[in-house]
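S.K.: Give me coordinates for this.
(4 chains)
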There are 2 protein chains.
Amino acid sequence: MQPLVERLRDRRWRLTAQRRVIAEVLAGEHVHLAADEVFDRARAILPEVSLATVYNTLHELVDMGELLEVAHVDGRKRYDPNVEHPHHHLLCVDCGRMLDVHVDDPRLPDGEQHGFELLGVDVTFRARCPDCVGRVAVAALDRV
Amino acid sequence: MQPLVERLRDRRWRLTAQRRVIAEVLAGEHVHLAADEVFDRARAILPEVSLATVYNTLHELVDMGELLEVAHVDGRKRYDPNVEHPHHHLLCVDCGRMLDVHVDDPRLPDGEQHGFELLGVDVTFRARCPDCVGRVAVAALDRV
DNA sequence: GTTTCTGCAAAATATTTGCACATGC
DNA sequence: GCATGTGCAAATATTTTGCAGAAAC
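M.R.: Predicted structure coming up:
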């Protein structure tokens, strides 16, 4: 599949400098940025970007289906550009780092459907990343 | 297993009127209230409850392991008291209604672990509940 | 040239905190 | 009685909105 910015051009999406930078910042696998992180990175490249434009643009991309909004327990939503390859997530509960993983979708048994019309499924593995496991081990040593 | 309020008493948790009402409001299956909803229901029973106390109490119960904090795409966290029976969720993307469902946990293949230490897995089925399916159908008819 | 986007600043929403007073045990 | 909980009000964090001016096409 073609890169995000090209897909957007094909959609006749008005491509301003701000929107292009925001789209570029979001490209790639394992990218799950919060709005303020998108803002910081975009502004580092193009200072003429406002947070309002970041929010506007994120919402448009979500509505277009080019970006997925991911709920996060810390209350800040993350934005996931990897819509080409359906995937699930591996989340470090200590530092919040999130990676894409590929797992077979679980099936909801008929007896558990409660009359709902199924649309999809999201799977998040809660875990500790290697850095945070190390940090816990060091802290334990310090206490001895 | 014994009810939530009794488990809390056994833990020597200081049981004030406010805390008891908050715990009662949260009891049961398929309960996934946001903080402000807990506040509204608790205040209906005991007007001498403040929102700050609701937040304090929710956090204590989460730290104690008597309540699970569930991320929600609308940014408001939900609180799930059903810690006795591990379960997953069926979420209506239109109205936000959430039910508990029982599904086998998906397994993360070795090749996808990225060196993380696994703690658990959360599964959310995105769906439309019967009420919202009906509402969409009625809206479609209105347009004819 | 028209339509749409952008930045700013203010508002709305959600959550957290500091502290004097109240209360369970 | 003392340790801990509570309410209030102010602070913080995140997201949304209104609108005049700017830029894409």
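
S.K.: quick check, whichever strand or helix holds A:Val62 touching DNA strand D?
M.R.: Take DSSP states H and E as the rule and A:Val62 turns out to sit in helix A:51-64. Yes: if you take CB under 7 Å from any atom of the strand as the test, helix A:51-64 does meet DNA strand D, through A:Leu51, A:Ala52, A:Tyr55, A:Asn56, A:His59. Quick note: C-beta positions are derived from backbone N, CA and C, even for glycine.

S.K.: same thing with stretch A:25-43?
M.R.: Yes: Stretch A:25-43 comes into contact with DNA strand D (CB under 7 Å from any atom of the strand), by way of A:Ala34, A:Ala35, A:Asp36.

S.K.: What is the nearest of the residues you listed to DNA strand D?
M.R.: A:Ala35 (3.7 Å; CB to the nearest atom of the strand).

S.K.: mean confidence for stretch A:93-105?
M.R.: Per-residue pLDDT values over stretch A:93-105 give a mean of 95.

S.K.: Please point out which parts of it sit buried.
M.R.: For stretch A:93-105, a neighbour-count test (16 or more other CB atoms under 10 Å in any protein chain shown) marks A:Gly96, A:Arg97, A:Met98, A:Leu99, A:Asp100, A:Val101, A:Val103 as buried.

S.K.: So which residues on chain A come close to DNA strand D?
M.R.: Neighbours of DNA strand D within chain A, by CB under 7 Å from any atom of the strand: A:14-17, A:34-36, A:51-52, A:55-56, A:59, A:74-77.

S.K.: on that earlier part again, of the residues of helix A:51-64 next to DNA strand D, list those near DNA strand C.
M.R.: A:Ala52, A:Asn56.

S.K.: The residues of helix A:51-64 next to DNA strand D into CSV, with extra columns for pLDDT and distance to B:Phe125?
M.R.: Supplementary listing: the residues of helix A:51-64 next to DNA strand D in CSV, determined by pLDDT from 0 to 100; distance: CB to CB, whole Å:
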residue, pLDDT, distance to B:Phe125
A:Leu51, 98, 33
A:Ala52, 97, 34
A:Tyr55, 98, 28
A:Asn56, 97, 30
A:His59, 97, 24
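
S.K.: Distance of the closest residue to DNA strand C within chain A relative to chain B?
M.R.: Distances between chain A and DNA strand C by CB to the nearest atom of the strand are smallest at A:Thr53, namely 2.9 Å. A:Thr53 sits 20 Å away from chain B, taking CB to the nearest CB, to the nearest Å as the criterion.

S.K.: got a list of what the closest residue to that residue other than its chain neighbours touches?
M.R.: Using CB to CB, 6 or more residues apart in numbering or on different chains and skipping the chain neighbours, the partner closest in space to A:Thr53 is A:Gln18 (5.1 Å). By CB atoms under 8 Å, 6 or more residues apart in numbering or on different chains, the contact list for A:Gln18 reads A:Ala42, A:Leu46, A:Glu48, A:Val49, A:Thr53, A:Thr57.

S.K.: so where is chain A shaky, pLDDT-wise?
M.R.: For chain A, applying pLDDT under 70 flags the ranges A:1-2, A:143-144.

S.K.: Residue numbers of it in contact with DNA strand C?
M.R.: Within chain A, the positions lying close to DNA strand C (CB under 7 Å from any atom of the strand) are A:14, A:16, A:18-19, A:48-50, A:52-53, A:56-57, A:60, A:75.
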